[in-house]
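Visitor: Provide a 3D model corresponding to the input given below.
(one chain, ligands or ions: 2)
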Amino acid sequence: MRKLNWSDVTPYSDYLSRRAVLGGGVAAGVAMAFAAPAFALTGKASKFSTDEKPNTFEQITNYNNFYEFGTGKEDPARNSGKFKPEPWAVQIDGLVDKPGSYSVADLAPDNALEERIYRLRCVEAWSMVIPWLGVPLAGILNKAGVQPGAKFIAFETVMRPDEMPGQEYPILDWPYREGLRIDEAMHPLTIMATGLYDKTLPNQNGAPIRLVVPWKYGFKSIKSIVRITATDKMPRTTWKNMAANEYGFYANVNPAVDHPRWSQATERRIGAGLLAGREPTLPFNGYGDQVASLYAGMDLAKDY
Ligand SMILES: Nc1nc2c(c(=O)[nH]1)N[C@H]1C(S)=C(S)[C@@H](COP(=O)(O)O)O[C@H]1N2
Ligand SMILES: [Mo]
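Guide: Ligands and ions are numbered 1, 2, ... in the order given. Predicted coordinates for the structure are as follows:
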C-alpha cells in the first residue's frame, strides 16, 4: 500500500483557506504525522538572511520542482516516499587535492549549520522565502582543496530510477546536472543545504544535500547531489542542454531579460493569496549589492 502523505489528508487549496481560520497549528500537525522521517536540526542565525516572512513548511514542501519525481508541483511530495536519502555519499573529484567519497556529516556537520532565510525565484516566475539550514559551499571546496586550474564546479543529482519514478521517462537528460563558475561557488551566499525550518530536508526538497544559490533562477539549485567536480571547462548543464535559447549557464535572476515565452519583470509569491498582486522581480533576486561585482564587464543580456 502506498504510504499516506500530507496531500492525501488535506488538499492544498483546502489547507490554504483553512489555515487562515486555524492559524496553521492543526493543519501543520496533520502534515507532520504523515511526513517521511525527519530529524531535528538547528542552525546559527546568519547576517545573510532576509527579514521577509518565510513561506510555511507546508507550502515549501508541497509546491516543488523536482522532475525526478514528476513534473507537477505536487508530484515531488506525492512520489518521493520511496526515496532513501540514507546512507549517502558525495564523490568529490576533478581538480582537487583530496578527491574521494564524503558523507553528509563530513560535508555539513550538524553543529556547523547556519540558518539562511533566502528568497527563491523560479524561472517560471513564482517565488518563495525558505529558511534553509546549511553550510557555505566554499568551506566544503576548501576542505577538498580546489586546485588553481579549476575554473568551474560541476554538480550531479543521483540516478535511481527505482526510487525516482520520473527518471523512468526521458523528461530530461538524466542525471540532472548543474554548474557554477568558481567565484560563484566560493561566494559566501552559496550554500549546501541539509535542512529547512528545524528538520532534515524532506525528500521533495532535495534530501539529503542540495545546492542553494539565491541570486540565480531556482533551476541552478540542484537537489540530491552525489557528485561535485572541479574542472577547467564550463560544464554541460541540464536545462541549457535542453533549450539553450531559454536557459543559460549563468541564469542570474534578471527582470530585464524575458524568458522567450514569458516576462521575467514580475513574480507571484506563493501563498500571498488570490487577491495579492504580482511583485516586481529584482535584479539578482535582490542580492545585487553582494554579487553584481562578480559580473563586471559581462553583458548579462547576452551571457544569461
Ligand atoms: N535534481 C533536480 N534539482 C532541481 C530541480 C529538478 O527538477 N531536479 N528543479 C529545480 C527548480 S526548477 C527549482 S525552482 C528548485 C525548487 O526547489 P524547491 O522545490 O526545494 O523549492 O529546485 C531545482 N533543483
Ligand atoms: Mo525553477
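Visitor: quick one: the helices in the protein?
Guide: Taking DSSP state H as the criterion, the chain carries its helices at 6-9, 12-22, 25-34, 57-62, 75-79, 104-107, 137-144, 182-186, 238-242, 288-291.
Visitor: how close does the closest residue to residue 88 other than its chain neighbours get to ligand 1?
Guide: Closest residue in space to residue 88, ignoring its immediate chain neighbours: residue 208 at 5.0 Å, by CB to CB, 6 or more residues apart in numbering. Yep, even glycine has a C-beta here, placed from its N, CA and C like the rest. To ligand 1, residue 208 is 13 Å away according to CB to the nearest ligand atom, to the nearest Å.
Visitor: and residue 208, what does it touch?
Guide: Residue 208 is in contact with 85, 86, 88, 104, 194, 200, 201, 224, counting by CB atoms under 8 Å, 6 or more residues apart in numbering.
Visitor: what's the neighbour count on the closest residue to residue 185 other than its chain neighbours?
Guide: Setting aside the residues directly before and after it, residue 185 is nearest to residue 153 in space (CB to CB, 6+ apart), at 4.2 Å. Residue 153 has 28 neighbours, counted by other CB atoms under 10 Å.
Visitor: same question, residue 134
Guide: Neighbours around residue 134, by other CB under 10 Å: 28.
Visitor: where's residue 155 relative to residue 136, distance?
Guide: Distance of residue 155 to residue 136, given as CB to CB, to the nearest Å: 15 Å.
Visitor: more neighbours: which of these two?
Guide: Taking other CB under 10 Å, residue 155 and residue 136 do not tie; residue 155 has more neighbours (27 against 22).
Visitor: in this structure the more buried one contacts residue 225, no?
Guide: Yes - using CB atoms under 8 Å, residue 155 makes contact with residue 225 at a distance of 5.3 Å.
Visitor: between the two, which contacts overlap?
Guide: With CB under 8 Å, 6+ apart, residue 155 and residue 225 have common neighbours residue 211.
Visitor: so which residues on the stretch 1-150 of the chain come close to ligand 1?
Guide: 64, 65, 66, 67, 68, 120, 122 (CB under 6 Å from any ligand atom).
Visitor: ranking those residues by neighbours, who comes first?
Guide: residue 68 (29 neighbours).
Visitor: and for the residue in the stretch 151-300 of the chain that ligand 2 sits nearest to, the neighbour number?
Guide: Nearest residue of the stretch 151-300 of the chain to ligand 2: residue 218, at 3.5 Å (CB to the ion). A count of nearby residues for residue 218, using other CB under 10 Å, gives 21.
Visitor: please apply the same query to residue 99.
Guide: 15.
Visitor: residue 287 now?
Guide: 22.
Visitor: cool, residue 256 as well?
Guide: For residue 256, using other CB under 10 Å, the count is 11.
Visitor: same deal with residue 261?
Guide: 6.
Visitor: pretty sure it sits against residue 247.
Guide: No - taking contacts as CB under 8 Å, residue 261 lies outside contact range of residue 247: 11.5 Å.
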